[in-house]
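**Student:** build me a structure from this.
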Amino acid sequence: MEEFVEEKQADSQEEQLQAAEAVDATVEQGAQVEETPVQDAEPEAAAPVEGDEAVSSENLENLEQKRSIVNNDAERHRRLRDDLNRQTKEWKAKRDGLNSQVRALVDEAGRCREERDSFNQKVRDTKVVRDEWNQKVSALKDQISALRPERSADEKNEVPVKALKKQLQDLELTQQTRTLGKDKENEIVKQISQLARQIESREKSLEQNGEVREVILQLREAKTQAEECHRQVSEHAEAAQTAHDKMLKLYGEADALRKEADGAQAKFVECKQAADEEHKKHIEQIRSVHEIDKDVAGIRTKKSASRKKSFDDGAKKEAKELFERFKAGEKLSTDGLMTLQKSGYL
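**Tutor:** The predicted structure follows:
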């Protein structure tokens with residue numbers, strides 16, 4: 001009745017969620033998925049190959065298209081992951097809230113159980129006292145019988161007082177619970193009156209004896225105490241039943257909420273696993289973008305080196321031509337002389 005939804009797995013997943021978010025932040029900090037231009041690297045000395053420029057441009061365009069597709073996919077997985085993480089937190093909050101209500105209901109049910117057990121103990125204790133008084137009543141009745149004077153033959157044929165009282169109770173019940181005609185009711189009233197006078201007369205005759213009168217008083221007190229104990233037994237038993245019924249009701253409510261908490265826990269695990277999978281795909285796509293960026297940088301480096309090589313070859317050719325003209329005596333401009341100087345001809 002008092003078991004709760006297991007939260008060890010949930011706690012571990014929460015730690016994994018926090019760790020994954022930390023890793024994600026670190027990875028994305030070092031590698032943003034937005035389109036950022038790749039800086040040209042320093043040109044390396046490489047011999048140009050015929051047709052390389054056209055091939056490099058085509059490859060670069062293909063890589064950039066591929067990068068855009070992979071980048072968009074990475075963003076899609078990130079958005080799915082973030083949405084699933086949000087759902088995970090919502091299910092966790094719902095599960096924890098339900099478990100908190102379950103704990104409160106179980107605690108209250110526990111208090112009702114303690115109250116029920118306390119009243120049941122009072123019932124047992126009071127029954128012991130009641131039985132003691134009943135035993136005393138029986139003993140006093142026996143004592144009164146022993147103290148009665150020897151009855152005459154006529155008296156021995158008399159109906160016992162106890163039987164007379166039973167007749168009186170039956171008549172009173174009939175009068176109170178049945179619909180009677182006027183004559184019948186008058187007859188019952190008359191019988192009730194006669195029985196009451198007869199009982200009173202018989203009891204008074206017993207009390208003529210002082211010793212008997214004292215025992216009768218003790219008997220009345222014992223009966224009063226026994227009846228009071230019986231009344232307390234009934235009250236305690238009723239209170240115990242009330243506490244028991246409330247306890248069962250609270251446990252029933254706790255069980256219903258526990259089932260809801262179990263459902264929330266299942267959804268929490270489901271969303272957490274899905275979020276972890278989307279996070280994994282997101283990181284894989286980011287790494288793919290990094291690899292594409294490296295390829296793009298390599299192609300741009302080669303293109304830059306090729307352009308530099310072509311520029312250097314053209315500059316050397318121009319410088320050689322200027323030097324030949326200079327040797328032939330042609331007057332060169334200041335820019336021409338500076339070109340020869342940079343090229344090492346002067």
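
**Student:** where does Val161 land on pLDDT?
**Tutor:** On the pLDDT scale, Val161 is placed at 67.

**Student:** OK, contacts around Leu63?
**Tutor:** Residues counted as contacts of Leu63 (CB atoms under 8 Å, 6 or more residues apart in numbering) are Ile292, Asp295, Val296, Ile299. For the C-beta atoms, the positions are set from N, CA and C on the backbone; glycine is no exception.

**Student:** restricted to helices, list those.
**Tutor:** Among these, the members falling in helices are Ile292, Asp295, Val296, Ile299 (criterion: DSSP state H).

**Student:** what's near enough to touch the first one?
**Tutor:** With contacts defined as CB under 8 Å, 6+ apart, the neighbours of Ile292 are Leu63, Lys66, Arg67, Val70.

**Student:** contacts only, for Lys141.
**Tutor:** Leu219.

**Student:** which strand or helix spans it?
**Tutor:** Element membership for Lys141 (DSSP states H and E) is helix 52-147.

**Student:** ok, which stretches of the stretch 151-300 of the chain are helices?
**Tutor:** Taking DSSP state H, counting those that start in this stretch to define them, one finds helices in the stretch 151-300 of the chain at 153-156, 161-177, 182-206, 210-327.

**Student:** just the ones you listed: most buried one?
**Tutor:** Stretch with highest mean neighbour count among those: helix 210-327 (a mean of 16; mean count of other CB atoms under 10 Å).

**Student:** compute the inter-axis angle for that one and helix 182-206.
**Tutor:** Relative orientation of helix 210-327 versus helix 182-206 (axes from the mean of the first three to the mean of the last three CA atoms, to 10 degrees): 110 degrees.

**Student:** got the angle between helix 210-327 and helix 52-147?
**Tutor:** Between the axes of helix 210-327 and helix 52-147, defined by the same axes, to 10 degrees, the angle is 170 degrees.

**Student:** if any of the contacts of Ile292 are buried, put those into a ChimeraX selection.
**Tutor:** Here is the ChimeraX command that selects the buried residues among the contacts of Ile292 (16 or more other CB atoms under 10 Å):
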select :63,67,70
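
**Student:** residues contacting the residue lying closest to Ala226 once chain neighbours are set aside?
**Tutor:** Spatial nearest neighbour of Ala226, chain neighbours left out: Trp133 (3.7 Å); criterion: CB to CB, 6 or more residues apart in numbering. Contacts for Trp133 (CB under 8 Å, 6+ apart) come out as Ala222, Lys223, Gln225, Ala226, Cys229.

**Student:** Leu171 reaches Ile192, doesn't it?
**Tutor:** Yes: Leu171 is within contact range of Ile192, at 5.0 Å (criterion: CB atoms under 8 Å).

**Student:** ok, Leu168 touching Ala196?
**Tutor:** Yes: under the criterion of CB under 8 Å, Leu168 makes contact with Ala196 at 6.5 Å.

**Student:** on that earlier part again, among the helices of the stretch 151-300 of the chain, which is nearest Glu108?
**Tutor:** Counting by CB to CB, Glu108 lies closest to helix 210-327 out of the helices of the stretch 151-300 of the chain; the figure is 5.4 Å.

**Student:** average pLDDT across that closest one?
**Tutor:** Here the average pLDDT along helix 210-327 is 86.

**Student:** before we move on, the earlier item: and which of the contacts of Trp133 is nearest to Cys112?
**Tutor:** Checking those one by one against Cys112 (CB to CB), the nearest turns out to be Cys229, at 25.5 Å.

**Student:** please report how far the nearest residue to Lys136 once chain neighbours are set aside lies from Glu200.
**Tutor:** Counting by CB to CB, 6+ apart, Ala222 is the residue found nearest to Lys136 once chain neighbours are left out, at 4.6 Å. As judged by CB to CB, to the nearest Å, Ala222 and Glu200 stand 21 Å apart.

**Student:** many thanks, we can stop here.
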